[in-house]
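Participant: Sequence and computational prediction follow.
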Amino acid sequence: MKKPKKGYENRRKIPEMSKIGYQHLKAGRYREAETEFTKILKLAKKDIYALVGLGDLYLAQREFEKAEDYYNKALQVDPMNMFVLRGLADTYRGLKKFDKVIEFWEMYLSYTGNEFDVVALTRLGDTYRKTGQFEKAIDQYKAALSIDSKNPYALAGLGHLYFENRNYRQSLSYWHQLIEFQNDNIFVLTSMGNCYRKLKEYKEALKFFYMALDKEKDDFYALYGIADSYRGLQEYDKAAEYWQKIQKQDPTNKNILTRLGDSYRNLGNIERAEHYYKKAIENEFDDEKKSPPESE
C-alpha cells in the first residue's frame, strides 16, 4: 500500500485547523485566528472557510477594505454562500457604500430564501432609509415586526424614519412601543422628547428629557432639549440655566452662546445678553482665522 503524499496529509488537517481558527476568532484572539487561517490558505488557496474566516476577522476589527478583499475571493469560490453575502453586506455598510449594502442584503434574502431573518430585514430597512427609499424601508421594518413584534431595531428604524419625514406623531407611536421595554435607554427618551418638542408640546417634552438626565446628568441632548423646551415655554430664566450647563461643556459653541444671549435679552438683562453675543461673534472670527484660505 502506497504511503499518502505529504500534501494530501496536510490537506486532511484543514478541517481541524479551520475549527481552531474559528475558536480563536470567537474568543477574540485575532492574531492567532489570522495565523491559523493563513496557514490553511497556504495549503489550499481557495478554501472557503479560511477566506470567510479572514473576512469575518477583519470585519470584526473594522478593517473593511481587507474584509472586502477576502469576502470577494470567497464569493468567487461560492457565489451563493450566505456567510459571504452577509459579510459583504456588513462590510459595505462599514464603508458606507449603501448601494452595495442593498445589493448584497437583497441577494442574501433572495438566494437563501431566509425571509425570516430579522437582522437582514432591519439592516436592509436601515439602508433604504438612509438612501431615502422610505416606502421600501417601511416594508422591511414591518416585515421584521411581523416576525418579532418587539424588535428594537425595527421600532427604532420606524421612529427615525417618521421623525426624518416630520411625521412626529407617527414617530412617537414607535418610540412609545420601544420605551415599554427600554425605559432606561437615553437615546429613546431623548428621541421622544425631541418629537414632543417639535410638536411644541414642551411640558411633555420636558418629562422625557428629565428622565434622560436622571440616567446621565451631563447628556448633551437632554440638556439641549430641556433648554430649548423652556425657551419654547418662554421661561427664559430656566432656559438660561440649562444653556449655561451646555456652555460649560462646549464653551466656544456659537449656537449656545447666541441662545444664552437671547435668553438674557428676553429677561431684560441687556448687559449679559451683550456679553454672550460678543463671545459668539469672537468665536466666529476665531473660526475664520483658523480656516485655510480658499484658492482663487
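Facilitator: Cool, got the structure. Numbering: from 1, shown residues only.
Participant: wait, what's in contact with Asn194?
Facilitator: Listed by CB atoms under 8 Å, 6 or more residues apart in numbering, the contact set of Asn194 reads 163, 205, 221, 225. Yep, even glycine has a C-beta here, placed from its N, CA and C like the rest.
Participant: same question, Tyr174
Facilitator: Taking CB under 8 Å, 6+ apart as the criterion, Tyr174 is in contact with 155-156, 158-159, 162.
Participant: State the distance from Leu158 to Leu124.
Facilitator: Separation of Leu158 from Leu124 (CB to CB, to the nearest Å): 14 Å.
Participant: got it, and Asp99?
Facilitator: If you measure Asp99 against Leu124 using CB to CB, the figure is 12 Å.
Participant: my read: Phe98 touches Asp126, true?
Facilitator: No. The pair Phe98 and Asp126 does not pass the contact test of CB atoms under 8 Å, sitting 9.4 Å apart.
Participant: Settle it for me: which of the two has more neighbours?
Facilitator: For Phe98 versus Asp126, the count of surrounding residues by other CB atoms under 10 Å is larger for Asp126: 23 against 16.
Participant: Just give me the neighbour total for the closest residue to the more buried one other than its chain neighbours.
Facilitator: Nearest in space to Asp126, with sequence neighbours left out and distances taken as CB to CB, 6 or more residues apart in numbering, is Gly157 at 5.7 Å. Residues contacting Gly157 under the criterion other CB under 10 Å number 25.
Participant: Please report the distance of Gly157 from Lys200.
Facilitator: Taken as CB to CB, the spacing of Gly157 relative to Lys200 amounts to 26 Å.
Participant: ditto for Gly225
Facilitator: Counting by CB to CB, the separation of Gly225 from Lys200 is 13 Å.
Participant: what do you get for Lys97?
Facilitator: 39 Å.
Participant: neighbour count winner among the two?
Facilitator: Between Lys97 and Lys200, counting by other CB under 10 Å, Lys97 is the more crowded of the two (16 against 12).
Participant: Backbone dihedrals for that one, both of them.
Facilitator: For Lys97, the backbone dihedrals are phi -100, psi 80 (criterion: degrees, to the nearest 10).
Participant: now the helix or strand containing Lys142, how far from the chain's geometric center?
Facilitator: Using DSSP states H and E, Lys142 sits in helix 134-147. Computed by CA atoms, centre = their mean, to the nearest Å, the chain-centroid distance of helix 134-147 equals 18 Å.
Participant: Then stretch 156-165?
Facilitator: Distance, stretch centre to chain centre, for stretch 156-165: 14 Å (CA atoms, centre = their mean).
Participant: Give the buried residues for that stretch.
Facilitator: Of the residues in stretch 156-165, 156-163 count as buried by neighbour count, 16 or more other CB atoms under 10 Å.
Participant: Asp47: which of the residues you listed is nearest?
Facilitator: When the buried residues of stretch 156-165 are compared for distance to Asp47 (CB to CB), Gly157 comes out closest, at 37.0 Å.
Participant: returning to what we had before: and of the contacts of Tyr174, the nearest to Leu25?
Facilitator: When the contacts of Tyr174 are compared for distance to Leu25 (CB to CB), Ala156 comes out closest, at 28.9 Å.
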